[in-house]
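# Dropping a prediction and its sequence here:
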Amino acid sequence: MSYEPVIGLEIHVQLATRTKMFCGCALTFGEPPNTRTCPVCLGLPGALPVANAAAIHFGLMIGEALGCRLAPRSIFHRKNYFYPDLPKGYQISQYDEPLCLGGQLGDVRIHRVHLEEDAAKLVHASSSGRIHESRASVVDFNRGGTPLAEMVSEPDLRSAEQAREWLTLRCAVTPTSRCAARAPPSWAPRPS
Amino acid sequence: MSAPTDLTAAQAVDALGRGELSAGELFAAYRERAAADDLNAFAWVADETPARGAVEGPLRGVPIAVKDLFCTEGVPSQAGSRILEGYRPPYTATAVERLLGAGATLLAKTNQDEFAMGSSNENCAFGPVLNPWSRECVPGGSSGGSAAAVAAGLAPWAIGTDTGGSNRQPAALCGIVGLKPTYGAVSRYGMIAFASSLDQAGPLTRDVTDAALLLRHMVGRDPCDSTSLAFPEEIATPTAERLDGIRLGVPEELSGEAEGIEPGVQEAFERTLRTAEELGATVETTRLRHAEHGLSAYYVLAPAEASSNLARYDGVRYGLRAGKANDLVSLYTRTRHEGFGPEVKRRIMLGTFALSSGYYDAYYARAQKVRTKIAQDFATAFERFDFIVTPTAPTVAFGLGTKVADPLAMYLNDYCTVPMSLAGLPAISIPNGLAVPPQGGQVGLPTGFQIAGPAFSENAILDAAHALEGAIGFDAGGGRA
């Protein structure tokens, strides 16, 4: 009996906005830990989010580039779970009314594109950097609140090679398409 | 001249403007009173000189007491909870910032029910607040510290927050004025969240004029709160002395002894209706058909929102962190076990259940529909009436400890105030008399009269309240012992 791999991808596209998804903190890289933070992205008591208009604009451009239906009305939801890199105890994401629905990239159908905020970065104090060998973990909130467009494909891919090849089509959402989305290094496909 | 602490805040502003009084003198007089507080009204009192605020601006340095739910930079902001014990935020809530910018000085932070969950101030990690009219009684809640402080003259005025009645009910029980503005009128930024779709900041004051003055410097659009709105007009100083042509609607569902209103409270309510008629108003009974379900809907929605809003108190970044935790789950569970009081835990569990998969439609979604129905009831009523009026709270102040074991009896305190909260409408409570509780007692305790209007009708509400206040002539002396 042989199996057919059925693959769909969920891709987090980091948006190259000047500031974070719900606050005015600068989105820069390689800064000393916890220096690009404020009451909002630290989840301090009383702080409230304000949506970044540029991120919404970029999200709509991605939807446009992928031929999605752009939602006339779209809302954010809270995804509640506890983890130290999630300062509010929930991630602000989108659930039943995402920014973009449907679409196509190459041979693969796009299910939806929605906006959300990235979690902070956990650093585990051990030689390997792995959590289960570490004595302690520390949190760097500089990344927390980075705007992400989450692209969800339909399960239209049938092999790892095909998935890798499809990912190289990401130029659709890079500056060449006028959309200033940026692929973080970890997003580049690695040979398995 | 009388003692500076006998002046209302508006009178103090005038006296300061005329140079009859100095801001330093006024602050010192209140600081001395606040430091001698024996009602446990305060969680924190300023040192000899104000930590924050200036004497420049229209409020001329008049001191203010601020509910502990508001973040104040460098000053403890604990929301009545052990989990935030000693927490000093790095920023100040917009509403407070505006008042300090207008020339108020920060006198004190007031005790409250933990995270604003409660109607008696007994759910406070730092001890219950006492009612200045009778120290065996509760001051109401959750803004009980603010209400008690103003009633006892320990502060000229105060701000509080109102989610289901938390300004209006303690104002009623302490014989002062409490206002919940239209949802969105005052920024929620920096106000520690309980139920975000309901929370509103507002004034607690000795009289209606002070409430208007304080509100004037609180309202307005804030770019940090996406739900805040530009108030369509300036909050004026109320001057009305008559109610000619004003149509008052009395909802059957929210008044009368059959609905659980104490006889003395109902009597005071009916007396005020007659006063309103003497001032030229017409009074008619009406229906708010879904209002009786307000409390049930509220106690699904508010805990649901709270369960999510309180998730951030996890011991990782600020506030209490339980010792002896040897892994992540025990850090969370021990911190939250030690940090939250029983009522907060109850509501987190209720809310988490109501939002959980499979129950969402039966509870949260249905409660939202009830909420819409209640808002529609009000909209229909305001086609015929200028205001809806009710007793503010079903009872006068009750004895400490008498309802703590019975959460449902406690929740009934909010019966008359919750419907306006669900509909996002402005409502004021003014003192309208004294009543002896049915179980008897030595002294009469204050009752409150609630006036609710359409969204952004604050000026009209304040005017009507001002006219009634003048005619009622409530003697607040019993609270100033």
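Yes, it's here. Numbering: from 1, shown residues only, chains lettered A, B, ... in the order given.
# Which residue would be the closest one in chain B to chain A?
Proximity of chain B to chain A (C-beta to the nearest C-beta) peaks at B:A311, 2.4 Å away. (Glycine included, C-beta is placed from N, CA and C.)
# burial count for that residue?
22 (other C-beta atoms under 10 Å in any protein chain shown).
# Nearest residue to it in space, ignoring adjacent ones along the chain?
Leaving out its chain neighbours, the residue that sits closest to B:A311 by C-beta to C-beta, 6 or more residues apart in numbering or on different chains is A:G89, at 2.4 Å.
# contacting residues for that neighbour?
A:G43, A:N80, A:Y81, A:F82, B:S308, B:L310, B:A311, B:R312, B:D314 (C-beta atoms under 8 Å, 6 or more residues apart in numbering or on different chains).
# Check it and give its pLDDT.
pLDDT recorded at A:G89 is 97.
# do the one 5 residues further on as well
According to the per-residue confidence, A:Q94 scores 97 in pLDDT.
# Buried among the contacts of A:G89? Make that a ChimeraX selection.
In ChimeraX, this line selects whichever of the contacts of A:G89 come out buried by 16 or more other C-beta atoms under 10 Å in any protein chain shown:
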select /A:43,82 /B:308,310,311,312,314
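# Longest helix in the chain, by number of residues?
In the absence of a named chain, chain A is used. Using DSSP state H, we find that the single longest helix of chain A is helix A:53-65.
# my bad, the chain I had in mind was chain B
In chain B, assigned by DSSP H, the helix with the most residues is helix B:366-384.
# Report all helices and strands that it contacts.
strand B:247-251, strand B:282-286, helix B:294-309, strand B:387-391, helix B:418-423 (3 or more C-beta pairs under 8 Å, 6 or more residues apart in numbering or on different chains; DSSP states H and E).
# and B:Q439, what helix or strand is that in?
Per DSSP states H and E, B:Q439 falls between elements, in no helix or strand.
# Count residues in the vicinity of it, would you?
Neighbours around B:Q439, by other C-beta under 10 Å: 9.
# And the strands in the chain?
Looking at chain A here, since you left the chain open. Taking DSSP state E, the strands of chain A run over residues A:10-15, A:69-70, A:77-80, A:90-93, A:100-101, A:104-105, A:108-117, A:121-124, A:137-140, A:147-153, A:181-182.
# switch to chain B, that's the one I care about
Under the criterion DSSP E, chain B contains strands at B:42-45, B:63-67, B:105-110, B:157-162, B:177-180, B:200-205, B:247-251, B:282-286, B:387-391, B:427-435, B:445-452.
# Low-confidence bits of chain A, can you list those?
Where chain A drops to pLDDT under 70, the residues are A:170-192.
# ok, 90 please
A:1, A:13, A:16, A:28-30, A:106, A:124-137, A:164-192 (pLDDT under 90).
# Residue numbers of it in contact with chain B?
By C-beta under 8 Å from any C-beta of the partner chain, the residues of chain A that approach chain B are A:39, A:42-51, A:78, A:80, A:82, A:84, A:87-90, A:139.
# Going through these, which ones are buried?
Here, 16+ other C-beta under 10 Å leaves A:39, A:42-50, A:78, A:82, A:84, A:87-90, A:139 buried among the residues of chain A next to chain B.
# Mind checking which of those are in helices?
Checked against DSSP H, those include nothing in helices.
# for the residue of chain B closest to chain A, what are its contacts?
A:N80, A:F82, A:K88, A:G89, A:Y90.
# now, which of those sits nearest B:A471?
Distances from B:A471 to these, taken as C-beta to C-beta, are shortest for A:K88 (48.9 Å).
# List the contacts of the residue lying closest to the closest one once chain neighbours are set aside.
Once flanking residues are discounted, A:K88 sits nearest to A:G43: 3.9 Å by C-beta to C-beta, 6+ apart. Contacts for A:G43 (C-beta under 8 Å, 6+ apart) come out as A:P87, A:K88, A:G89, B:R312, B:R317.
# Run through chain B and note the low-pLDDT ranges.
B:1-2, B:48-56, B:257-260, B:323-327, B:357, B:407-409, B:438-443, B:481.
# Please report the distance of A:P5 from B:T72.
According to C-beta to C-beta, to the nearest Å, A:P5 stands 58 Å off from B:T72.
# Looking at the two, which has the bigger crowd around it?
Comparing A:P5 with B:T72 by other C-beta under 10 Å, the one with more neighbours is B:T72, at 23 against 11.
# neighbours of B:L408, just the number please.
So B:L408, with other C-beta under 10 Å, has 9 neighbours.
# B:G256 now?
By other C-beta under 10 Å, neighbour count at B:G256 equals 17.
# ok, now which ones touch it?
Here B:G256 is in contact with B:Q266 (C-beta under 8 Å, 6+ apart).
# if we go to 6 Å?
By C-beta atoms under 6 Å, 6 or more residues apart in numbering or on different chains, the contact set of B:G256 is empty.
# before we move on, what about the one 4 residues further on?
Contacts for B:G260 were tallied using C-beta under 6 Å, 6+ apart; they are B:P394.
# do you know how far it is from B:G164?
Applying C-beta to C-beta to B:G260 and B:G164 gives a distance of 16 Å.
# before we move on, what about A:A26?
Counting by C-beta to C-beta - A:A26 and B:G164 are separated by 40 Å.
# Would you mind measuring from the residue of chain A found nearest chain B to B:R317?
In chain A, the residue found nearest to chain B is A:G89; the distance is 2.4 Å by C-beta to the nearest C-beta. According to C-beta to C-beta, A:G89 and B:R317 sit 11 Å apart.
# would CSV of the helices and strands packed on helix B:366-384 with distance to A:E161 be doable?
Shown next, in CSV, are the helices and strands packed on helix B:366-384 (distance: least, C-beta to C-beta, whole Å):
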stretch, distance to A:E161
strand B:247-251, 70
strand B:282-286, 72
helix B:294-309, 43
strand B:387-391, 69
helix B:418-423, 57
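# OK, contacts around B:V250?
Applying C-beta under 6 Å, 6+ apart, the residues contacting B:V250 are B:T285.
# For the stretch 201-350 of chain B, which residues are neighbours of chain A?
Taking C-beta under 6 Å from any C-beta of the partner chain as the criterion, the neighbours of chain A within the stretch 201-350 of chain B are B:D225, B:S226, B:S308, B:A311, B:R312, B:V316, B:Y332.
# I'd guessed the first one sits against B:Y189; true?
Yes: with contact defined as C-beta atoms under 6 Å, B:D225 counts as touching B:Y189 (4.5 Å).
# Pick out whichever of those two has more residues nearby.
The residue with more neighbours, out of B:D225 and B:Y189, is B:Y189; 25 against 20, by other C-beta under 10 Å.
# so the more buried one touches B:T94, yeah?
Yes: with contact defined as C-beta under 6 Å, B:Y189 reaches B:T94; the gap is 4.4 Å.
# Tell me how many other residues crowd the closest residue to B:P238 other than its chain neighbours.
In space, and not counting its chain neighbours, B:P238 is closest to B:H466: 3.7 Å by C-beta to C-beta, 6+ apart. B:H466 has 22 neighbours, counted by other C-beta under 10 Å.
# Leaving out chain neighbours, which residue sits closest to B:A354?
B:Y363 (4.0 Å).
# So what's the residue count around the one you found?
20.
# cool, B:D327 as well?
7.
# now do B:V404
Other residues near B:V404 come to 17 when the count uses other C-beta under 10 Å.
# ok, it touching B:E122?
Yes: if you go by C-beta under 6 Å, B:V404 and B:E122 touch, sitting 5.5 Å apart.
# List the contacts of stretch B:287-294.
With C-beta under 6 Å, 6+ apart, stretch B:287-294 has contacts from B:P251, B:E252, B:E253, B:L254, B:V370, B:K373, B:I374, B:D377, B:V418, B:P419, B:L422.
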